[in-house]
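S.K.: Pasting the sequence and the predicted model now:
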Amino acid sequence: MRIKYNRDQKIKGNLTRNFDKDYAFLEKALDRSGDIVKNVFYVGDNADIQSIMEEQTDANTDSDTNSIMEEQTDANTDSDANSIMEEQTDADTDSDISSATKGQTDANTDSDINSDIGRKTVSKRIVKTTQNNKKIRPKKAAVIYVDGMTDADMVEDFVIRPLLKNKCEKTGQDFLSYVENHVMETVDWKEDESFEDILTDILSGNTLLLLESCPKAIILSTKKYPSRGVGETQQEMVIRGPKDSFTENMRMNTALIRRRIRDPRLKMEHTMVGERSKTDLAIVYMDDLVQPELLEKVRQKVNALSFDGILDGGMVEQLLEENVWTPFPQFQHTERPDKAASGLLEGRIVLVVDNSPGVLILPVTYQMFFQAGDDYYTRFEVASFARLLRFAASLFAIGFPGLYVAIAAFHTEMLPTSFLLSIATARTGIVIPVALEVLLMEFQFELLKEAGIHLPGQLGGTIGIVGGLIVGQAAVEAGIVSTIVVIVVSFTAIASFIVPNESFGAVFRLLKFLFIVTAAIWGIYGYLLTFAALLLHLSQIESFGVPYMLPSVCGENLNYDDKKDHYVRYPFAYMKKRPVFTREGRRIRKR
């Protein structure tokens, strides 16, 4: 079958067992890729040269041995002749000397004949060895890998050199089996024959070993990605507890999880997502705690992913979520390995995506976004107070500006007289409406926040503090906004940052504009209507079949044990059960 590379079509087909054609196809597919290393050589090259040298050495040794034996024979002959000459009488001296001379001549003649025979035998042996080496044609081999993603020293020491030293006269599958069992003893390998899979493995950092006359190629595990070391998390800071965080290396991330859960029931299923990016993804779960229906659903959705490039876990989150029109996150993103391990021990699933410095945990409920990393490393009284503070701050962050607009613009009679006079005094000289005043300051705060994020290092924090003070003070002195609005916006900004999860806190900063607009149009009635619509929306969201408002609103699944780690945290002695979405019969934590 003729194979042809077409860049406009998906690569298909298998190896043809023709080394030159297969190598030419792979070379064409990887053409104009400056980081691809291709090395073609002959198997047993060094072994053939060494064998010939050993044969020649043996031949020279045989020749030297024959020469030494001939010299010893000559010496013995001379000694015998002298002895005979001494024993004979003077009368027979001439006759004996003639006889001895004749014997010596015969001995020398025999020695020359033996030497000639030895040299002819050695010559025949060398010629025979050379002829045999010419008859056995060496087999071609090719090694292909990506420079910078592969351990080149490992390929050189454990693949190329052993093949050059080993000589095998087998062909086909026998030759392939010989290489796998006697040469690749220290390297993990697998067989493959699909061009698509072979190219994917090469571009993933593995090494291709293509052997002549073999039906399949050998893929060697030689990955060595450039990656940074384990550092400290930047988004989920804690006072007490582990400080390490995930990196962009998927294998390092799974090792951080395995380090915390040394249980053989911790399973990791690996797959690839992205038609072009071929990004590695691991589905991590506890085999005895996860719900089988949940695991099967996650497998199906991951395998059904159809996108050209998956570059980060955030893309996986948006492609897998069931409700794409809600701003509320349906996955829990974390950079902390201890939080991922805690989720696994509760029967949840963790998705580890390569090139992403964090993992995704599912399913989730809204109250999980209020749990900080150090809630479980401090006293339960302190953790409970901090958690209640976060819940209260979230309500202020989402509704306080809208409530101020509704009361100050429409329902001033709801305020005490003294407080109303203070607001009126502060707004003296302000010509713009209250709603526009609040929106202007909130918009200014969001600008400073974005500037602080994208500016490098400590300069970002400086611009946020200095910019807020200068702009706020200048706006008050210019009569654009009142001091009470600056206080409201500042308090709202602080409250929005108390939420431990950044993606969940961003939702509050977004929805507060909706509350401000509805309050500016319909007053307190629009404010309350928006709040009711928000609760209705939250009650309809599900995260892989789990109600988002669990355990606050969960029908028959309501259980008192599930509230022991909700608004407050009970002592560990009373937290004996896992959450309700753990596999039935496995909720007791001591198992």
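M.R.: Thanks, I have it. Everything quoted here is computed from the prediction, not taken from an experiment.
S.K.: What residues does the residue most central in space within the chain make contact with?
M.R.: Closest residue to the average C-alpha location of the chain: residue 250 at 2.2 Å, with C-alpha atoms, centre = their mean. Counting by C-beta atoms under 8 Å, 6 or more residues apart in numbering, residue 250 makes contact with 280, 281, 282, 352, 353, 354, 355. The way it works is simple: take the backbone N, C-alpha and C, and place the C-beta from them, glycine included.
S.K.: Now secondary structure, neighbour count and pLDDT too, for those residues, in a markdown table please.
M.R.: Conversion of the contacts of residue 250 to a markdown table gives the following (DSSP: H, G, I helix; E, B strand; the rest coil; neighbours: other C-beta atoms under 10 Å; pLDDT from 0 to 100):
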| residue | secondary structure | neighbour count | pLDDT |
| --- | --- | --- | --- |
| 280 | strand | 18 | 94 |
| 281 | strand | 22 | 96 |
| 282 | strand | 20 | 97 |
| 352 | strand | 25 | 97 |
| 353 | strand | 25 | 96 |
| 354 | coil | 24 | 94 |
| 355 | coil | 17 | 93 |
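S.K.: so which of those would you say is closest to residue 244?
M.R.: Nearest to residue 244 out of the contacts of residue 250 is residue 352 (C-beta to C-beta; 15.2 Å).
S.K.: Which residues are in contact with that closest one?
M.R.: Shown in contact with residue 352 (C-beta under 8 Å, 6+ apart): 250, 253, 254, 257, 268, 281, 282, 284, 359.
S.K.: Which members of the residues you listed are the farthest-apart pair?
M.R.: 257 and 281 (14.3 Å).
S.K.: which two from the contacts of residue 250 end up farthest apart in space?
M.R.: Longest span within those, C-beta to C-beta: 282 and 355, 12.7 Å.
S.K.: Which residue is the nearest non-sequential neighbour of residue 479?
M.R.: Distances taken as C-beta to C-beta, 6 or more residues apart in numbering put residue 429 closest to residue 479, at 4.7 Å, once the chain neighbours are dropped.
S.K.: Wait, a helix at that neighbour?
M.R.: No - under DSSP: H, G, I helix; E, B strand; the rest coil, residue 429 falls outside any helix and is assigned coil.
S.K.: what about it, neighbour count?
M.R.: Residue 429 is flanked by 9 other residues according to other C-beta atoms under 10 Å.
S.K.: Then residue 467?
M.R.: Neighbours of residue 467 using other C-beta under 10 Å come to 16.
S.K.: Look at it and give its secondary structure.
M.R.: Relying on three-state DSSP, one would call residue 467 helix.
S.K.: Let me know the pLDDT of it.
M.R.: Residue 467 is assigned 74 on the pLDDT scale.
S.K.: Hmm, it is touching residue 448, no?
M.R.: Yes - using C-beta atoms under 8 Å, residue 467 is in contact with residue 448, at 4.9 Å.
S.K.: what number of residues lie near the spatially closest residue to residue 388 that is not a sequence neighbour?
M.R.: In space, and not counting its chain neighbours, residue 388 is closest to residue 567: 6.3 Å by C-beta to C-beta, 6+ apart. By other C-beta under 10 Å, 13 other residues sit near residue 567.
S.K.: And the one 5 residues further on, by the same measure?
M.R.: Here the neighbour count serves as a burial measure; for residue 572 (other C-beta under 10 Å) it reads 11.
S.K.: so who does it touch?
M.R.: Applying C-beta under 8 Å, 6+ apart, the residues near residue 572 are residue 380.
S.K.: How confident was the prediction at it?
M.R.: pLDDT at residue 572 comes out at 90.
S.K.: do the same with residue 47
M.R.: Value for residue 47, per-residue pLDDT: 52.
S.K.: swap in the one 3 residues further on?
M.R.: Among the per-residue scores, residue 50 holds a pLDDT of 49.
S.K.: So which residues of the stretch 151-300 of the chain form strands?
M.R.: 189-192, 207-211, 217-220, 266-273, 279-286 (DSSP state E, counting those that start in this stretch).
S.K.: low-scoring pLDDT stretches of the stretch 451-591 of the chain, where are they?
M.R.: Filtered on pLDDT under 70, the stretch 451-591 of the chain yields the residue ranges 457-462, 464, 554-560, 591.
S.K.: Show me what residue 37 bridges to in the sheet.
M.R.: With DSSP bridges as the criterion, the beta-bridge partners of residue 37 are residue 145.
S.K.: mind listing what it touches?
M.R.: Residue 37 neighbours (C-beta under 8 Å, 6+ apart): 143, 144, 145, 146, 147, 150, 152.
S.K.: how much space between the last one and residue 161?
M.R.: By that I understand residue 152. Distance, residue 152 to residue 161, using C-beta to C-beta, to the nearest Å: 13 Å.
S.K.: next one: the second one
M.R.: Between residue 144 and residue 161 the distance, using C-beta to C-beta, works out to 17 Å.
S.K.: Then residue 220?
M.R.: 14 Å.
S.K.: These two: which has the busier surroundings?
M.R.: Counted by other C-beta under 10 Å, residue 220 and residue 161 do not tie: residue 220 has more neighbours, with 23 against 13.
S.K.: Give me the below-cutoff pLDDT ranges for the protein.
M.R.: Judged by pLDDT under 70, the stretches of the chain that qualify are 1-9, 45-137, 169, 171-172, 457-462, 464, 554-560, 591.
S.K.: which stretches of it form strands?
M.R.: 36-42, 140-146, 189-192, 207-211, 217-220, 266-273, 279-286, 332-334, 349-353, 359-362, 542-543, 546-547 (DSSP state E).
S.K.: The fifth one: partners in the sheet, and parallel or antiparallel?
M.R.: Right, strand 217-220. Next to strand 217-220 in the sheet, as set by DSSP bridges, lie strand 189-192 (antiparallel), strand 207-211 (antiparallel).
S.K.: So what does residue 544 look like in phi/psi?
M.R.: Residue 544 adopts backbone torsions of phi 50, psi 50, taken as degrees, to the nearest 10.
S.K.: swap that for residue 227, sorry
M.R.: Phi and psi for residue 227, reported as degrees, to the nearest 10, are phi -150, psi 160.
S.K.: Help me confirm that it comes into contact with residue 246.
M.R.: No - the pair residue 227 / residue 246 is not scored as a contact, 11.3 Å apart, by C-beta under 8 Å.
S.K.: With neighbour numbers in mind, choose between these two.
M.R.: The neighbour count for residue 227 versus residue 246, taken as other C-beta under 10 Å, is higher for residue 246 (25 against 13).
S.K.: Tell me which residues touch the more buried one, please.
M.R.: Listed by C-beta under 8 Å, 6+ apart, the contact set of residue 246 reads 252, 253, 256, 335, 336, 337, 340, 356, 357, 358, 359.
S.K.: From residue 245, how far off is the closest residue to it other than its chain neighbours?
M.R.: Leaving aside its sequence neighbours, residue 246 sits nearest to residue 253 (C-beta to C-beta, 6+ apart; 4.7 Å). Applying C-beta to C-beta, the value for residue 253 to residue 245 is 10 Å.
S.K.: Looking at the two, which is more packed in?
M.R.: Neighbour count, other C-beta under 10 Å: between residue 253 and residue 245, residue 253 has more, with 27 against 20.
S.K.: How much space separates that one from residue 395?
M.R.: Going from residue 253 to residue 395 by C-beta to C-beta gives 35 Å.
S.K.: swap in residue 11?
M.R.: Separation of residue 11 from residue 395 (C-beta to C-beta): 55 Å.
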